[in-house]
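A.B. asks: Kindly return the folded structure for what I paste below:
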Amino acid sequence: MFRKSIYCGIVFLLLFSTLFAGGAVANNSTTVTTNSAEREPMNTEVHSIDGTNVLYQYGEPVPSFDTWTQEEPSRSYLSLDGKWKFSMDPDKQGMNEKWYAKEFNDANWQSEKVPGSWDLYDTPDFGTYDGSNFGVGSAFYDGDAWFRTHFSLDANWKNQFVKLHFLGVNYRAWVYVNGHFVGEHEGGNTPFSLNVSKYVQPGKDNVIAVRVNRRADFDSYTSPDAKPVTNDTELPYKPVDYWRYAGITRSVYLEATSQVTVSKILTSTGDHTLTTKVVVYNHGDKQAHRQLVVNPGNQTGGKQQSREITLKPGEVKVVSFDFTIPNADYWSPESPTLYKVTASLFKGKGKGQGKQNGKDSVDDSLSTNYGMRTIAVEGSKLTLNGDQLFLKGLNWHEETAENGKSMTIEEYDTELNHVLNVNANFIRNSHYNRHPYVYDFSDKNGIMVLDDVDNMWLDTKQEALQTSSYGLSRSLVLSMAWNQINHPSVIMWSLQNESQIWDDEQVYRDWLADMKSAVKSIDIQNRPVTWASGSSWDPAYDLADVIGLNEYFGYFYQEDKDLGTTLDAVHRNHPNKPILITENGTWAHIEDELKHGDSTQSGTEEWQSAKFLNHWNQVTDPSRLSYMAGYTFWVLKDYKTRLGYNKQINGISTMGLMRFDNEEPRLIYETFKDAKNPLE
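C.D. replies: Down below sits the predicted model:
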């Protein structure tokens, strides 16, 4: 029974994936809901200011989210994590009954944890391999739901520039403060910030209400005749092979600064050099004079620099500084050395003016970590600090059985330490941006990262719509590059996963070119750009800096041995581009009587390990090391999916080094661990 279910699951997956050799995508959607909006709701724009491109959303520069953990002493903070009032809204009564109003009585609503996913609020056996309750519980609730929280602010928040930061809400959010609509956000894995200065009431009680919507994946989760539900402008626009956890899935906090504030620091490094571009914003209604002082960090040997600046009301400036940092060590996986750059604004004409109690008065400050490193494509090689790289990597999904997507710090530590334990030096964030902690952990522990966005399995119709009008694909890659720009662990950007190629090659190329241009316009570090193609013969590979290739030879098509000759052919077609295997893997049985057997028996752990080694050995063959940038196994741990297969085991895909429920290692765990990086 289980073997038949796995087979059906694979067939189902193939219907929704890009076929490797032909590149065709089956569009089986019959239940379609379309979004009439002309463009994404954040109004994402890039403004060139003083020669530097600055990302804007909601009409203002997108601020740094580093402050979720690096609180600045010149600023005030209030965490809004904890119990919120929650109510589902299946009949869409919330707007008519004004559930967003400050005076609305939510006393009878249930109390639920934020961050959290409503999928886990009332779902039996969500994280187990028992599929008897698949389709039951809050995990299968789609549509609108509301969250409300009550809080008070100290009087010293008055006359401050107050921002409301969400690190993640899935999928679409409408935010209200004290009954006033503040903003709408789309995209479940991207942080966003809203200016709530004129809506919060210091010294009084306040209420934040958030309406959240998740589109259904199917019109039924139990019927064998279920039909997919799609929305042409959403990303992803149709059911995909992971679980789209719903709710306020990451932390929420308020941050108050001076009206004149450092919004963002951009960094770029070379050989003992640091360039910083400091985005300064006068949110106030008066002209402001400030002294901007930038310190490149302790133990770098660099000397702080300063500049006097004047900003008109509402004006944004970008102030650039170049530093020599003679004592800095290079960041690398073997030695992940980090430094902290700080930009401080002082009132008056110079540092030392505006003293309080005999000390210089800092009006505002912002810090960010950085590492001195270079990443580049040199011919057919990918290099870090001038040395050739081979990436031994893992794909992974951000979830646990207990907390879904809203993982605890301890859970992140456990999973990411498994990456280190199996001697991997690289992770691919398939298929969305991660919680900020993931990038911080990777910086500190020397894990290199391919960051990714939600552009998964688009057809050319949606590619054209995103490029020509709606712009969410562009918005997400811009946000990715802006938010993660300073992390030395992030070495490449990925634009999409297995999207439609062949219906209209020009539409596909225009979509990719538009996103690549957007990323390059923001990233002053000029990281390489790639994507995870579902075809060896992708007609846009000439646009990629690094060729990213999802391959399942001997699993979905052809034979295992065909991988090597295909890689040689791709290299001949693109001799000056490194090639990275962005996905390869196989499933394994979970039943005790089927787990182990001959390495030729499909589904055994021995078979899974043998398939991996077959592909690994072809990729790492000495004849190919001159152009192979790495190999990324699918996947670190079993993961949940609502795509429609494996319902009998609760929608869990069993392709991991470890199981989903208790992280029990499979044989592949040790096999992967023992696979030696060919450049080490």
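A.B. asks: can you list contacts of the helix or strand containing residue 164?
C.D. replies: Residue 164 belongs to strand 161-166 when assigned by DSSP states H and E. Residues outside strand 161-166 that contact it (Cβ atoms under 8 Å, 6 or more residues apart in numbering) are 63, 65, 67-68, 173, 175, 177, 182, 185, 191-197, 200, 208, 248, 250, 252-259, 261, 283-284. For glycine as for every other residue, the C-beta is placed from the backbone atoms N, C-alpha and C.
A.B. asks: Filter the residues you listed down to the buried ones, PyMOL style.
C.D. replies: The buried subset of these, as determined by 16 or more other Cβ atoms under 10 Å, is captured in PyMOL by this line:
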select buried, resi 63+65+67+68+173+175+177+182+185+191+192+193+194+195+196+197+200+208+248+250+252+253+254+255+256+257+258+259+261+283+284
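A.B. asks: Go through the contacts of strand 161-166 and flag which are in strands.
C.D. replies: Taking DSSP state E, the ones among the contacts of strand 161-166 that sit in strands are 173, 175, 177, 182, 185, 192-195, 208, 252-257, 261.
A.B. asks: all helices for the stretch 401-550 of the chain, in order.
C.D. replies: 409-421, 436-445, 460-465, 472-483, 505-522 (DSSP state H, counting those that start in this stretch).
A.B. asks: Flag the shaky bits of the stretch 451-600 of the chain, pLDDT-wise.
C.D. replies: Within the stretch 451-600 of the chain, no range satisfies pLDDT under 70.
A.B. asks: And the strands in it, which stretches?
C.D. replies: Along the stretch 451-600 of the chain, counting by DSSP state E, counting those that start in this stretch, strands occupy 490-497, 529-532, 547-550, 579-583.
A.B. asks: count of neighbours near the residue lying closest to residue 104 once chain neighbours are set aside?
C.D. replies: Using Cβ to Cβ, 6 or more residues apart in numbering and skipping the chain neighbours, the partner closest in space to residue 104 is residue 98 (6.0 Å). Neighbours of residue 98 under the rule other Cβ atoms under 10 Å: 14.
A.B. asks: For residue 471, give its distance to residue 571.
C.D. replies: To residue 571, residue 471 is 35 Å away according to Cβ to Cβ, to the nearest Å.
A.B. asks: Neighbour count: these two, which is higher?
C.D. replies: Each of residue 471 and residue 571 has its neighbours counted (other Cβ under 10 Å); residue 471 has more, 22 against 19.
A.B. asks: What are the phi and psi values at the more buried one?
C.D. replies: phi 80, psi 10 (degrees, to the nearest 10).
A.B. asks: Which neighbours in the sheet does the strand holding residue 164 have, and how are they oriented?
C.D. replies: Partners of strand 161-166 in the sheet, by DSSP bridges, are strand 192-195 (antiparallel), strand 252-257 (antiparallel).
A.B. asks: which other residues reach the longest one?
C.D. replies: Here strand 252-257 makes contact (Cβ under 8 Å, 6+ apart) with 63, 67-68, 74-81, 114-115, 153, 157, 160-167, 196, 200, 364.
A.B. asks: Check the spacing between residue 221 and residue 131 real quick.
C.D. replies: Counting by Cβ to Cβ - residue 221 and residue 131 are separated by 11 Å.
A.B. asks: same thing with residue 253?
C.D. replies: 38 Å.
A.B. asks: Then residue 256?
C.D. replies: In terms of Cβ to Cβ, residue 256 sits 48 Å off from residue 131.
A.B. asks: for this protein, where's the lowest mean pLDDT among helices and strands?
C.D. replies: Lowest by mean pLDDT, DSSP states H and E among the helices and strands of the chain is strand 31-32, with a mean of 28.
A.B. asks: which residues pair with residue 76 across the strands?
C.D. replies: Here residue 76, judged by DSSP bridges, has bridge partners residue 256.
A.B. asks: ugh, wrong one, I meant residue 54
C.D. replies: Here residue 54, judged by DSSP bridges, has bridge partners residue 47.
A.B. asks: wait, what's in contact with it?
C.D. replies: Taking Cβ under 8 Å, 6+ apart, one finds 46, 47, 48, 61, 264, 279, 316, 318 in contact with residue 54.
A.B. asks: Distance check, it against residue 593.
C.D. replies: The spacing between residue 54 and residue 593, counted by Cβ to Cβ, is 60 Å.
A.B. asks: I'd guessed residue 652 sits against residue 646; true?
C.D. replies: Yes - here residue 652 reaches residue 646: they are 6.0 Å apart, a contact under Cβ atoms under 8 Å.
A.B. asks: Kindly tell me how buried the nearest residue in space to residue 184 that is not next to it in sequence is, as a neighbour count.
C.D. replies: Spatial nearest neighbour of residue 184, chain neighbours left out: residue 41 (4.1 Å); criterion: Cβ to Cβ, 6+ apart. Close neighbours of residue 41, defined as other Cβ under 10 Å, add up to 18.
A.B. asks: list the contacts for residue 642?
C.D. replies: Contacts of residue 642 by Cβ under 8 Å, 6+ apart are 217, 218, 221, 239, 243, 244, 651.
A.B. asks: What values do phi and psi take at the residue nearest to residue 677 when sequence neighbours are not counted?
C.D. replies: Among residues not flanking residue 677 along the chain, residue 392 sits closest, at 4.9 Å (Cβ to Cβ, 6+ apart). As for residue 392, its main-chain torsions (degrees, to the nearest 10) stand at phi -100, psi 100.
A.B. asks: which residues of the stretch 301-450 of the chain score low on pLDDT?
C.D. replies: Ranges of the stretch 301-450 of the chain meeting pLDDT under 70: 348-360.
A.B. asks: Great, nothing more from me.
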